[in-house]
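> mind folding the following:
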Amino acid sequence: MRTIRPVILIYGLVLIISCTGIYAQIISSRIAKNFFSITSYKGTMVEKGLMPENSNSRIVSHIVYKKAWKVRSEVISPSSMKGNLFITDGVSVIMWWPKALFGIRMKGINPPNLDDVKTIIEENVRWSIDHYSFTLTGQEQIAGRSTTKWLAVPKINTLYPYESWMDSENDQPLQLMIKNKNDHAWYFMSYENIQFDIPVDDNEFVFDFPSNAVVFEWDYSDKHMPIQKAKELMNFTIRIPKHLPSGHKILKNIIGKHCLPMMTLIMNKGARWLSLTQNRKGSDDYLKLGIQILLNKHKGVLNFMGPYTVITWAIEETALTLIANMPYSEAISIASSVE
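Sure, this is the predicted structure:
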C-alpha cells in the first residue's frame, strides 16, 4: 500500500504562531489557494520505513495528479511490489496488487466540494497548531525545486517530531521525515523529481482488472444496512469505534458485492473521509508491509495510500481496515478505540 500527498493530508503546516482561529484561517486560505492553483503534476517518489525486515528499503512510486481529485500512484520498485497500483478519479477508488491478482474497487463516492475541502484544510491546520510547535530551519533544494524546511516538535508526548520540506511556490510537501522517540527515522518520503502544471491524459486514471483477478467491490451509494441485520450475515464479530472526532458519526453501513462476508462503516464528515471495513481474519500477511504499530496490544500496520492514512489490524477473528484522510495520529486514536 502506498503514498501520495495531495495537500489535504499535510502534516506540517507552517509558521511560528500562536494557536488562534484567525491564524488558522490565514494559513489554511493560503494552502487552499495554492492547492487549487495546481492543475497537475507528475513525479517519482521514494518512501522508507514501510518494510519491517529492513526499514531502509526504498519503495519507489510514479505519481500522477490532475485537478481535481484525480490521483494515480504505481510502484516501480522493488520488483516484489512492482505494479502495485492506487487510482482515484474522484468518484471511485481502485487498488491493485498484480502479484496476488487481487484488486479492490470502491465506486459511488461523492467527490468533495470546494467549501468542504477548504474546511478540512482549516481543520488540519488547527489540529497541527494545537499539537505542534513549528520552527523555520532554512531552505533546501528538493527534486530541483526550492523548499522551505520546518521542524515540528510535538506538544504532547504521544506524537512524533518531524521535519517537512514544503515547495516554496505551492506548499506541496516534497520531503517528510518522521522520527520516533529514540530519534530514529520512523517514516521518510521524498520526491526525486516532480513537474507541475503539465499535460496529463485522463486515461492515466483508468484501469481494467484482468479477467482472472479476484476483485472485492463496494458501492458507496448503496442503502444503509442496520448493524443488527448485518450481524446475521457476517461470520465475524462486528466492531465499533468508541471514539470519533467531533462531527463524525456512523452515517451508514454497506455490504460488499462479492461473496465473502464483508462490511464497511462510513463515518465521513464533509471532505473528511473515515471508514472501517471488516471481514473474517485470514493470514497475517497484512503485517508484512507498513509501519508497525500497536493498537491496544493488537499488532497492526500503518500505510499512506494516496491522500489516505490506512491502518490494518485484527481483533480476535475480525480483520479491520480503517481509512481516513486526517493526521495519522488521529487515525491511530480512532483505531485504538475500536471494540
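> from now on I want contacts and neighbour counts done on CA atoms only, so please keep to that.
Noted.
> Ser73 contacts Leu85, doesn't it?
Yes - Ser73 is within contact range of Leu85, at 5.8 Å (criterion: CA atoms under 8 Å).
> more neighbours: which of those two?
Just comparing Ser73 and Leu85: by other CA atoms under 10 Å the higher neighbour count belongs to Ser73, 30 against 23.
> tell me the helices and strands packed up against the helix or strand where the more buried one lies.
Per DSSP states H and E: Ser73 is located in strand 70-77. Packed against strand 70-77, as judged by 3 or more CA pairs under 8 Å, 6 or more residues apart in numbering; DSSP states H and E, are the following elements: strand 59-66, strand 85-88.
> of these, which shows the lowest average pLDDT?
Among the helices and strands packed on strand 70-77, strand 85-88 carries the lowest mean pLDDT, a mean of 93.
> list the helices and strands it packs on?
Other helices and strands packing on strand 85-88, by 3+ CA pairs under 8 Å, 6+ apart, are strand 70-77, strand 93-97.
> any chance of the ones you listed in a markdown table with distance to Met267 as columns?
Converted to a markdown table, the helices and strands packed on strand 85-88 look like this (distance: least, CA to CA, whole Å):
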| stretch | distance to Met267 |
| --- | --- |
| strand 70-77 | 22 |
| strand 93-97 | 17 |
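> will you turn the ones you listed into a markdown table that also has mean pLDDT?
Below are these laid out as a markdown table (pLDDT from 0 to 100):
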| stretch | mean pLDDT |
| --- | --- |
| strand 70-77 | 95 |
| strand 93-97 | 93 |
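> before we move on, what SS does Leu260 have?
Secondary structure state of Leu260, per DSSP: H, G, I helix; E, B strand; the rest coil, is coil.
> buried set for the strand or helix carrying Glu123?
For Glu123, the element it lies in under DSSP H and E is helix 114-131. Of all the residues in helix 114-131, those buried under the rule 16 or more other CA atoms under 10 Å are 117-129, 131.
> let's verify the most far-flung residue of the chain relative to its centre: helix, strand, or coil?
Distance from the C-alpha centroid of the chain peaks at Glu232, with 31.7 Å (CA atoms, centre = their mean). Secondary structure state of Glu232, per three-state DSSP, is helix.
> can you tell me how far it is from Ile238?
Counting by CA to CA, to the nearest Å, the gap from Glu232 to Ile238 is 10 Å.
> repeat for Val215
In terms of CA to CA, Val215 sits 22 Å off from Ile238.
> tell me which of those two has more neighbours.
Higher neighbour count among Val215 and Ile238: Ile238, with 21 against 18, using other CA under 10 Å.
> so the more buried one makes contact with Gln278?
Yes - counting by CA under 8 Å, Ile238 does reach Gln278; the two are 7.3 Å apart.
> what residues do these two have in common as contacts?
Common contacts of Ile238 and Gln278, defined by CA atoms under 8 Å, 6 or more residues apart in numbering, comprise Thr318.
> and Tyr187, what element?
Here Tyr187, judged by DSSP H and E, is contained in strand 185-196.
> how far off centre is that strand?
15 Å (CA atoms, centre = their mean, to the nearest Å).
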